[in-house]
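Trainee: build me a model:
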Amino acid sequence: MRFNRAVIIVGVWVIWLAGIGGCTANKAGSPTLPKPQPGTVRFMLEASEATRVSLVGSFNGWAKDSMPLNRLKGTSWWSVDVPLRAGEHTFMYVIDGVNWVTPPQADDFVEDEFGQRNGVVIVR
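Mentor: Below is the predicted model of the structure:
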């Protein structure tokens, strides 16, 4: 099953580690959720055909099974809140254990040594 036809949107909300406001703007069409806990980053992906979605990145050694996203009931959205230290972190999503997906929206993007385009999230 290919997911290049799926609408894939990531919304990232950063809650400043100091406990003051971060980027909490709702990305187009994403569901409204309670605010993430202070010190966490919310990663969201819309993947209607997926049965499993994982977050991989520099913060978890790119281990594709270590950070599963939870499907939001009754939607095609997946979400996980992750505690991250201040700094820049690169990330991607893995759909159904095999399809590595570049996040369509991120603070920035960088190409890795494998020629993949990784998203960058910046935590201040």
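
Trainee: contact partners for Ala63?
Mentor: The contact partners of Ala63, by CB atoms under 8 Å, 6 or more residues apart in numbering, come to Val56. Where you see a C-beta, it was placed from the backbone N, CA and C, and this is true even at glycine.

Trainee: look up how far Val53 lies from it.
Mentor: Distance, Ala63 to Val53, by CB to CB, to the nearest Å: 14 Å.

Trainee: just give me the residue closest to the centre of the chain.
Mentor: Phe43 (3.3 Å; CA atoms, centre = their mean).

Trainee: packing partners for the helix or strand hosting it?
Mentor: Here Phe43 sits within strand 40-46, counting by DSSP states H and E. Secondary-structure packing of strand 40-46 (3 or more CB pairs under 8 Å, 6 or more residues apart in numbering; DSSP states H and E): strand 10-14, strand 77-83, strand 117-123.

Trainee: ranking those strands by mean pLDDT, which is last?
Mentor: With a mean of 34, strand 10-14 has the lowest mean pLDDT of those.

Trainee: rounded mean pLDDT for the strand holding Phe43, please.
Mentor: The average pLDDT for strand 40-46 rounds to 95.

Trainee: in its sheet, what does that strand sit against?
Mentor: Using DSSP bridges, strand 40-46 pairs in its sheet with strand 10-14 (antiparallel), strand 77-83 (antiparallel).

Trainee: next, the angle strand 77-83 makes with the following helix or strand past it.
Mentor: Remark: after strand 40-46, the chain's next helix or strand is strand 53-57, criterion DSSP H and E. For strand 53-57 against strand 77-83, the angle by axes from the mean of the first three to the mean of the last three CA atoms, to 10 degrees is 40 degrees.

Trainee: can you give the distance of strand 53-57 from its chain's centre?
Mentor: 7 Å (CA atoms, centre = their mean, to the nearest Å).

Trainee: which strands and helices sit next to the next helix or strand after that strand?
Mentor: Toward the C-terminus, strand 53-57 is succeeded by strand 70-71 as the next helix or strand (DSSP H and E). Contacts defined by 3+ CB pairs under 8 Å, 6+ apart place strand 70-71 against strand 77-83.
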